[in-house]
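A.B. asks: show me how the following folds:
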Amino acid sequence: MTAIVTHSPGKVELDFSTHSSRTIDLYLEMGITLSMKFFLFEKIILLVRIAKFVSNGIVVCFPSYVIMRQCLSAWRDSEERIYRKLEVVKSLFEESKDTKRTNRMIEEYREAAIEEKGALFFCVARGRVCETANFSDEEARAIVFAGVPTLDLKDSK
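C.D. replies: I've put the predicted structure just below:
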């Protein structure tokens, strides 16, 4: 099943393009969107529901390290306890810019993904995990894109 979510339940546009103004409120809206009770008239927690429904490993890709870190930080500090809700359901792992640490996280994730509880790996599209790790079978039963990296055509770089 594929679903594209462009707005939060509070009708905030989830725009992570390079020209948008990214604020802590936008990150919280994204987290709330992923953890709030909404989806096809059912009252469920979307990413938590996916984590409960999908056995084994789930890979969650962000468009950049900055957005991933800011989102995860906002989710940890949120009143909604977004990060904690996910942590209860799956073992959580995060990609790092440090190659040795990321390689260790990949191995720990692989082991946790095949366990009964399963695992969630937060990573960056075009980052080390997405570009080099080859997850198969139980290691990646689902992939969730929390934004897609795009080039800013207005940027002269």
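A.B. asks: could you list the buried residues of stretch 89-103?
C.D. replies: Residues of stretch 89-103 classed as buried by neighbour count (16 or more other Cβ atoms under 10 Å): 89, 90, 91, 92, 93, 94, 95, 96, 102. Every residue, glycine included, has its C-beta placed from N, CA and C.
A.B. asks: neighbouring strands - and their directions - for the helix or strand in which the fourth one is found?
C.D. replies: To tie it back to what came earlier, the one meant is residue 92. Using DSSP states H and E, residue 92 sits in strand 91-94. Using DSSP bridges, the strands paired with strand 91-94 are strand 119-124 (parallel).
A.B. asks: tell me which residues are up against the partner strand.
C.D. replies: Strand 119-124 has contacts (Cβ atoms under 8 Å, 6 or more residues apart in numbering) with 51, 56-65, 68, 72, 86, 89-95, 105-106, 109, 112-113, 129-130.
A.B. asks: and the next helix or strand past it?
C.D. replies: helix 128-132.
A.B. asks: for the record, mean pLDDT for that following helix?
C.D. replies: Averaging pLDDT along helix 128-132 yields 82.
A.B. asks: packing partners of it?
C.D. replies: strand 57-62, helix 99-113, strand 119-124 (3 or more Cβ pairs under 8 Å, 6 or more residues apart in numbering; DSSP states H and E).
A.B. asks: mind listing what residue 54 touches?
C.D. replies: Counting by Cβ under 8 Å, 6+ apart, residue 54 has contacts 118, 141, 142.
A.B. asks: highest neighbour count among the residues you listed?
C.D. replies: When neighbours are counted by other Cβ atoms under 10 Å, residue 118 leads the contacts of residue 54 with 21 neighbours.
A.B. asks: can you pull out the helices in the protein?
C.D. replies: Per DSSP state H, the chain carries helices over the ranges 24-35, 46-53, 65-77, 82-89, 99-113, 128-132.
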